[in-house]
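Asks: what's the 3D shape of this:
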Amino acid sequence: MIDKNVSIKKLGDVAAYNEMGMAVEFSWFWSEHVAVLVFVRHFG
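Replies: Take a look at the predicted model:
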């Protein structure tokens, strides 16, 4: 069985690119306020 749990620490180290092409670490989103991340997988 694959463990699908990911710690907040590991998730915070993940980066995505913003609209200007700059890498932004996910931890930035919740550094000052509470944040909710939703991942949607689209089939189609």
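Asks: point to the residue nearest the middle of this structure.
Replies: What sits nearest the mean C-alpha location of the chain, by C-alpha atoms, centre = their mean, is Phe26, with 4.5 Å.
Asks: quick one: contacts for that one?
Replies: Counting by C-beta atoms under 8 Å, 6 or more residues apart in numbering, Phe26 touches Leu11, Gly12, Asp13, Val14, Ala15, Ala16, Leu37. All C-beta atoms are positioned from the backbone trio N, CA, C, and that covers glycine.
Asks: let's see it at 7 Å
Replies: Going by C-beta atoms under 7 Å, 6 or more residues apart in numbering, Phe26 touches Leu11, Gly12, Val14, Leu37.
Asks: show me those that map onto helices.
Replies: Those of these mapping onto helices are Leu11, Gly12, per DSSP state H.
Asks: now tabulate the contacts of Phe26 in JSON lines and tack on neighbour count, distance to Met20 and pLDDT.
Replies: Converted to JSON lines, the contacts of Phe26 look like this (neighbours: other C-beta atoms under 10 Å; distance: C-beta to C-beta, whole Å; pLDDT from 0 to 100):
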{"residue": "Leu11", "neighbour count": "13", "distance to Met20": "22", "pLDDT": "78"}
{"residue": "Gly12", "neighbour count": "15", "distance to Met20": "21", "pLDDT": "79"}
{"residue": "Val14", "neighbour count": "11", "distance to Met20": "19", "pLDDT": "86"}
{"residue": "Leu37", "neighbour count": "9", "distance to Met20": "20", "pLDDT": "76"}
